[in-house]
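Chemist: below are the sequence and a predicted model for it; my questions follow.
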Amino acid sequence: MNTKSKVWEETVIIPTYEAAKPDKNPLFLEKRVYQGSSGKVYPHPVIDKISDEKIDKEYKAVFLENDYLKIMILPELGGRVQRAYDKTRNYDFVYYNQVIKPALVGLAGPWISGGIEFNWPQHHRPSTFDEVNYTFFENEDGSATVVVSEYENMFHTKGETEFTLYPDKAYLELKNHLFNRTPVKQTFLWWANPAVAVNSNYRSIFPPDVTAVMDHGKRDVSTFPIATGTYYKVDYSRGVDISRYDNLPVPTSYMAAKSDFDFVGGYDDGVKAGLLHIADHHISPGKKQWTWGSGDFGKAWDRNLTDEDGPYFELMTGCFTDNQPDFSYIAPFEARDFTQYFMPYHDLGQVHNANKDLSLHLDVSDMITVTLYCSGTLGKCDVNINKFYKKSFDFQCANTYKLSIPNNNLKIEDIKITVTKDGREILTFDGNVKKHDIPEPAKAAPLPQDCKTNEDLYLYGTHIEQYRHATRRAEDYYLEGLRRDKTDMRLNNAYGMLLFKKGYIRESEQYFRNAVEKQTRSNPNPISGEYYYNLGLSLFYQDRLNEAFDAFYKAVWNADTQANAYYFLALIQSKFGNTESAFAFTDKALIFNARNFAAMNLKSLLTGARQ
């Protein structure tokens, strides 16, 4: 029987090159480009110097441990996973950098390699070097959990991650929670950034349906895993396996163009062990590899970021994003939850399919060989090869299982593997994998005057806003469209919200009124409440509460704005001293958005609204 998972806090001493104090002067950097999007840093302070002297420094560390894994989390450095150790193989399945040696490559300055960094609402995370809130506890089922959270001050959203180790599982579970605490929609991305130590035996493991990878912003495309053209100015025309560290001589980044599988990882053929990330590909399409490269430039950066732990890959995993930059919207007051798993695996090499409990490799030659690694305790299961062979295994955690049978002239495309338990499907792999087409690179948006239609102007403008373009301005597209048609409701609303978020509250009102007027010209009960809601926001923050009340009350007619409009109706009634009515609106808001409004303790906010 597995022992309970443990969690505890202790002080650790890590050799550290300390960062200087932040510049006391704010920096705005309006047109700085960073990671393919805006490099604006305000209101974060900027640090522009790192000490050359190494000292022993104390850090608060929180540890999770079970029979299989030991995890170290550093709340003082962004809540990152600093170490992830596989006890069954004496193997760090995540790159363990034994020194804190920052380089000035982060949005606000210092950034360190190694571990697992969590990047939101953009990449790299602005507060990656800041302390976060944390707590930890044991659970009744024998698992243990560490919770880290942060309110970020650029867009006023909240991120929270629950790290859990179960007693009978060889994986780290992450339950992530994002909260938009603002009354307007925001943009975000989420990239977890695990690093892995690499050498001449290491390769990235992408799913078998990945035939193409793309650069940042999808500006360039390469076939995968064998590149046959020019990528990052390197000639691979002879056919080069770019999944391998040694074959990438220069800093190189690539992201899977498309995959219908739920895993990505990396593997060291020398020690026969590696890392897997598991998450639903509908939520987590992002699968990325980055390296400084195996050439002299990359080796120089290895020395910049560590004293003795050598080179690494970053095997990034994106949720609600498949590229960098690739931002998603999070609605006003929206709460969003998603789950990821990180785990070691052994003996398989290339993974053909995997979930959190089981990973599978299929080899077809003179023999048909199926190798499976169990990261959970499944008990007795049947492994089926097509319909002609079945073998049972008692799957136990952190063990590898293999079966081989003679091959009767079958190709991999002819074979389907199915693992079942009591007739229920656990994992499958069909060798006849659908291969995705090679996509075309993305094209830059035309200049506003070159856009053919107002719809184009609206779409390009919202794209520039959503992707936080560093050098183009969304308002140029909106204003060009309004010059062509001043009644266009989408452009009026978009430009009004742009003004509102910049603090031009009074100026935004007329554009929202224009949008409402056009939207209700033929239909007084529109399909969306967004324009009424935005008008209500403008009036509310101008302290014109009676007018705002009417606009918000109309917005509750539509499901897309119902919860948020009820929230503001509650605030207005509370300001008027109508407590009973305010609480009635609060209850309605909670019905439609309990996840966020309950977390905000909405009823206590009403007391403050009256004062």
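Modeler: That came through, no problem. Residues are numbered from 1 along each chain as shown.
Chemist: what about the strands in the stretch 351-500 of the chain?
Modeler: Assigned by DSSP state E, counting those that start in this stretch, the stretch 351-500 of the chain shows strands spanning 353-354, 358-364, 367-374, 379-385, 389-395, 399-406, 416-421, 424-430.
Chemist: most tightly surrounded among those strands?
Modeler: Highest mean neighbour count of the strands of the stretch 351-500 of the chain: strand 353-354, a mean of 25 (counted as mean count of other Cβ atoms under 10 Å). Placement of C-beta: from N, CA and C, glycine included.
Chemist: give me the sheet partners of that strand and which way each runs.
Modeler: With DSSP bridges as the test, strand 353-354 is paired with strand 358-364 (antiparallel).
Chemist: the strand it pairs with to strand 389-395, inter-axis angle?
Modeler: Going by axes from the mean of the first three to the mean of the last three Cα atoms, to 10 degrees, strand 358-364 is angled at 150 degrees with respect to strand 389-395.
Chemist: pLDDT below threshold where in the stretch 501-611 of the chain?
Modeler: Within the stretch 501-611 of the chain, the stretches with pLDDT under 70 are 595-611.
Chemist: where exactly do the helices run in it?
Modeler: 505-519, 530-541, 545-555, 562-575, 579-599, 602-610 (DSSP state H, counting those that start in this stretch).
Chemist: would you list the ones you listed in CSV and tack on distance to L27 and mean neighbour count?
Modeler: Shown next, in CSV, are these (distance: least, Cβ to Cβ, whole Å; neighbours: other Cβ atoms under 10 Å):
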stretch, distance to L27, mean neighbour count
helix 505-519, 26, 20
helix 530-541, 28, 25
helix 545-555, 36, 20
helix 562-575, 34, 24
helix 579-599, 32, 17
helix 602-610, 33, 15
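Chemist: next, format those helices as CSV and append distance to E53.
Modeler: Shown next, in CSV, are the helices of the stretch 501-611 of the chain (distance: least, Cβ to Cβ, whole Å):
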stretch, distance to E53
helix 505-519, 50
helix 530-541, 50
helix 545-555, 57
helix 562-575, 52
helix 579-599, 43
helix 602-610, 48
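Chemist: what's the closest of the ones you listed to G423?
Modeler: helix 579-599 (35.8 Å; Cβ to Cβ).
Chemist: so which of the strands of the stretch 351-500 of the chain gets nearest F568?
Modeler: strand 353-354 (45.9 Å).
Chemist: that older thread, quick one: which of the helices of the stretch 501-611 of the chain is nearest D269?
Modeler: D269 lies closest, by Cβ to Cβ, to one member of the helices of the stretch 501-611 of the chain: helix 579-599, at 44.5 Å.
Chemist: make a markdown table from the strands of the stretch 351-500 of the chain and add distance to N2 to it.
Modeler: Listed next are the strands of the stretch 351-500 of the chain as a markdown table, based on distance: least, Cβ to Cβ, whole Å:
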| stretch | distance to N2 |
| --- | --- |
| strand 353-354 | 22 |
| strand 358-364 | 18 |
| strand 367-374 | 14 |
| strand 379-385 | 13 |
| strand 389-395 | 14 |
| strand 399-406 | 13 |
| strand 416-421 | 19 |
| strand 424-430 | 20 |
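Chemist: JSON lines please, covering the ones you listed and showing distance to A61 and mean pLDDT.
Modeler: Converted to JSON lines, these look like this (distance: least, Cβ to Cβ, whole Å; pLDDT from 0 to 100):
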{"stretch": "strand 353-354", "distance to A61": "30", "mean pLDDT": "98"}
{"stretch": "strand 358-364", "distance to A61": "29", "mean pLDDT": "97"}
{"stretch": "strand 367-374", "distance to A61": "29", "mean pLDDT": "97"}
{"stretch": "strand 379-385", "distance to A61": "35", "mean pLDDT": "96"}
{"stretch": "strand 389-395", "distance to A61": "33", "mean pLDDT": "95"}
{"stretch": "strand 399-406", "distance to A61": "30", "mean pLDDT": "96"}
{"stretch": "strand 416-421", "distance to A61": "38", "mean pLDDT": "96"}
{"stretch": "strand 424-430", "distance to A61": "35", "mean pLDDT": "96"}
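Chemist: who wins for proximity to P121 among those?
Modeler: Short answer: strand 353-354, nearest of the strands of the stretch 351-500 of the chain by Cβ to Cβ, at 28.9 Å.
Chemist: list the neighbours of the closest one that are in contact with it.
Modeler: Taking contacts as Cβ atoms under 8 Å, 6 or more residues apart in numbering, the residues outside strand 353-354 that touch it are P207, F261, D262, F263, L276, I278, Y345, S359, L360, L427, T428, F429.
Chemist: gap between the fifth one and D357?
Modeler: The span separating L276 from D357 equals 11 Å under the rule Cβ to Cβ, to the nearest Å.
Chemist: so between these two, which is more surrounded?
Modeler: Taking neighbours as other Cβ atoms under 10 Å, L276 and D357 compare with L276 leading, 27 against 24.
Chemist: from what I see, the more buried one and L358 are in contact.
Modeler: No: assessed by Cβ atoms under 8 Å, L276 is found out of contact with L358, at 10.8 Å.
Chemist: could you tell me which residues touch both of these two?
Modeler: By Cβ under 8 Å, 6+ apart, the residues touching both L276 and L358 are S375.
Chemist: follow-up on the earlier one: anything in contact with each of L276 and D357?
Modeler: Contacts common to L276 and D357, judged by Cβ under 8 Å, 6+ apart, are S375.
Chemist: list the contacts for S328?
Modeler: Contact partners of S328, counting by Cβ under 8 Å, 6+ apart, are T187, F188, L189, F320, T321.
Chemist: ok, for G286, nearest residue in space, not its chain neighbours?
Modeler: G318 (1.8 Å; Cβ to Cβ, 6 or more residues apart in numbering).
Chemist: ok, and the helix or strand in the chain with the lowest average confidence?
Modeler: helix 602-610 (a mean of 53; mean pLDDT, DSSP states H and E).
Chemist: contacts only, for the most centrally placed residue in the chain.
Modeler: Centroid-nearest residue in the chain: W190, 2.1 Å away (criterion: Cα atoms, centre = their mean). Shown in contact with W190 (Cβ under 8 Å, 6+ apart): F118, N119, W120, N176, L178, G318, C319, F320, T321, F338.
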